[in-house]
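> Using only what follows, build the 3D model:
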Amino acid sequence: MATLEIRDLHVSVDAENGPREILRGVDLTVKQGETHAIMGPNGSGKSTLAYSVAGHPKYRVTGGSVLLDGEDVLSMTVDERARAGLFLAMQYPVEVAGVSVSNFLRTAATATRGEAPKLRLWVKEVKEAMERLQMDPAFAERNVNEGFSGGEKKRHEILQLELLRPKIAILDETDSGLDVDALRVVSEGVNRVQATGQIGTLLITHYTRILKYIRPDHVHVFAGGRIVESGGAELADKLEDEGYEAYTGKGESA
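I've put the predicted structure just below:
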């Protein structure tokens with residue numbers, strides 16, 4: 001069973017007045033087959049957690065550990081983390097000029113699977129996945145995310161998730177900028193992957209609306225750079241009713 005273990009993780013970024021600590025001791029375990037939701041106010045460090053685990057160079061780990069199936073993630077390069085089974089769906093997916101979606105996906109699948117997919121089967125696999133996400137097949141020949149709307153970019157992220165089959169998926173505010181129809185389609189894609197039981201999902205969000213479509217097994221409240229409360233799906237309902245005000249001082253005082 002694939003397991004991501006985050007232990008006492010501290011992360012800083014460089015600021016004008018010197019290093020500024022953002023994560024202040026995060027402890028979290030995500031197992032294959034589980035869906036965890038991290039919720040919290042803006043600026044609490046949720047996205048910093050996602051990008052630190054993925055290996056973004058802006059964020060400097062100053063303490064703690066991140067293990068994937070017992071292997072030290074922090075000693076891996078970004079591409080090694082992806083090949084090991086980590087996947088990050090970004091809040092703001094970037095454009096990649098000169099690289100078509102089809103070439104990007106097949107190259108990524110080759111790297112993660114260890115061999116190139118057989119072309120005929122691969123074309124069929126991509127076509128079927130795009131149909132499930134209600135994506136125009138013409139998108140396969142467009143450059144990655146160039147001219148895509150916000151909803152199209154997010155569908156492309158979930159297309160990658162379906163095709164690359166990672167062990168652990170970190171979805172950073174996937175619901176950001178989506179209308180109701182796109183949110184439903186994207187959520188259905190996440191649920192399809194999760195239903196295989198072969199993936200652990202860490203869903204980072206500010207709002208509860210995506211959790212009406214993707215029901216989490218565990219909900220964690222993030223404030224002041226750490227997890228300050230955990231519970232089941234009912235905790236998300238509590239946050240919907242009461243907001244984050246009760247938690248905004250907990251991260252600093254814990």
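
> those strands in the stretch 51-200 of the chain, which residues are they?
In the stretch 51-200 of the chain, the segments counted as strands under DSSP state E, counting those that start in this stretch are 60-68, 71-72, 86-89, 96-100, 143-144, 168-172, 200-205.

> Make JSON lines out of those and add mean pLDDT.
Shown next, in JSON lines, are those (pLDDT from 0 to 100):
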{"stretch": "strand 60-68", "mean pLDDT": "97"}
{"stretch": "strand 71-72", "mean pLDDT": "98"}
{"stretch": "strand 86-89", "mean pLDDT": "95"}
{"stretch": "strand 96-100", "mean pLDDT": "92"}
{"stretch": "strand 143-144", "mean pLDDT": "94"}
{"stretch": "strand 168-172", "mean pLDDT": "96"}
{"stretch": "strand 200-205", "mean pLDDT": "96"}
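
> do you know which of those lies nearest residue 216?
strand 200-205 (6.6 Å; C-beta to C-beta). (Glycine included, C-beta is placed from N, CA and C.)

> And the closest one, what does it pack against?
strand 3-15, strand 18-31, strand 35-39, helix 46-54, strand 168-172, helix 180-195 (3 or more C-beta pairs under 8 Å, 6 or more residues apart in numbering; DSSP states H and E).

> residues touching residue 10, list them.
Residue 10 sits next to 21, 23, 24, 25, 61, 62, 63, 64 when contact means C-beta atoms under 8 Å, 6 or more residues apart in numbering.

> at 7 Å what do you get?
21, 23, 24, 25, 62, 63, 64 (C-beta atoms under 7 Å, 6 or more residues apart in numbering).

> ok, residue 189 to residue 131 distance?
12 Å (C-beta to C-beta, to the nearest Å).

> More neighbours: which of these two?
Between residue 189 and residue 131, counting by other C-beta atoms under 10 Å, residue 189 is the more crowded of the two (23 against 10).

> That one contacts residue 134, doesn't it?
No - with contacts counted by C-beta atoms under 7 Å, residue 189 stays clear of residue 134, the gap being 9.7 Å.

> how many other residues sit next to residue 230?
14.

> before we move on, what about residue 7?
14.

> Excluding chain neighbours, what is closest to it?
Leaving aside its sequence neighbours, residue 7 sits nearest to residue 65 (C-beta to C-beta, 6 or more residues apart in numbering; 4.8 Å).

> related to what we said a few turns ago, make JSON lines from the contacts of residue 10 and add distance to residue 108 to it.
Below are the contacts of residue 10 laid out as JSON lines (distance: C-beta to C-beta, whole Å):
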{"residue": "21", "distance to residue 108": "33"}
{"residue": "23", "distance to residue 108": "28"}
{"residue": "24", "distance to residue 108": "34"}
{"residue": "25", "distance to residue 108": "33"}
{"residue": "62", "distance to residue 108": "31"}
{"residue": "63", "distance to residue 108": "32"}
{"residue": "64", "distance to residue 108": "29"}
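
> Quick check on those: which are buried?
23, 24, 25, 64 (16 or more other C-beta atoms under 10 Å).

> Tell me what the closest residue to residue 21 other than its chain neighbours is bridged to.
Leaving aside its chain neighbours, residue 21 sits nearest to residue 12 (4.8 Å; criterion: C-beta to C-beta, 6+ apart). Beta-bridge partners for residue 12, by DSSP bridges, are residue 21, residue 60.

> Please apply the same query to residue 88.
Counting by DSSP bridges, the residues bridging with residue 88 are residue 170.

> The nearest residue to residue 23 once chain neighbours are set aside: how many residues sit nearby?
Spatially, and ignoring its direct neighbours in sequence, residue 23 is nearest to residue 11 (3.9 Å; C-beta to C-beta, 6+ apart). Residue 11 has 24 neighbours, counted by other C-beta under 10 Å.
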